[in-house]
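Peer 1: sharing a model that was predicted from the sequence below.
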Amino acid sequence: MMAGYWPTPAAEQDDQAVVARMNGLAKIVISRTVDTAEWTPTQLIGDNVADVLAKLKQQPGKNMLIMGSSALTVSLIGMGLVDEVRVMVSPVVLGDGKSLFRTAAERISPTLLETKPFRSACAPRSHSMTPS
């Protein structure tokens, strides 16, 4: 869990630039089981997720980012709250695994907007899509 790492002295020692950014960004936690969020600044949303996020999207500021939760992403796509999906692909052959959007009840057919290769041929590639 990121909240258990980024606000620590170990994180500060490992990567000061990332620590400052991660600890300074406004964060939103969407959970039915978590009651408190100690990593500040964090807003906790437990109920009325669609309404709360729709209101947040109307406020001025930067884009929101979902990190590490494909199930949440699928849920928010279904609510019409996702404008763009960026997928990082790293060329590793595992033999099996889970579908990125395995919790989707219906097929999601995104429209590819952009593909951006990174410097190294073995590094991840970024793909931007709209969840049409």
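Peer 2: That came through fine.
Peer 1: now do the helices in this structure.
Peer 2: Here the chain has its helices, by DSSP state H, at 9-14, 16-24, 49-58, 70-78.
Peer 1: doesn't A3 make contact with N23?
Peer 2: No: applying Cβ atoms under 8 Å as the test, N23 and A3 come out as separate, 10.1 Å apart. To be clear about C-beta, it is placed using only N, CA and C from the backbone, and glycine gets the same treatment.
Peer 1: shared neighbours, these two?
Peer 2: When Cβ atoms under 8 Å, 6 or more residues apart in numbering defines a contact, the residues bordering N23 and A3 alike are W39.
Peer 1: the nearest residue in space to T73 that is not next to it in sequence: how many residues sit nearby?
Peer 2: Leaving aside its chain neighbours, T73 sits nearest to I66 (5.3 Å; criterion: Cβ to Cβ, 6 or more residues apart in numbering). The number of residues packed near I66 is 14, by other Cβ atoms under 10 Å.
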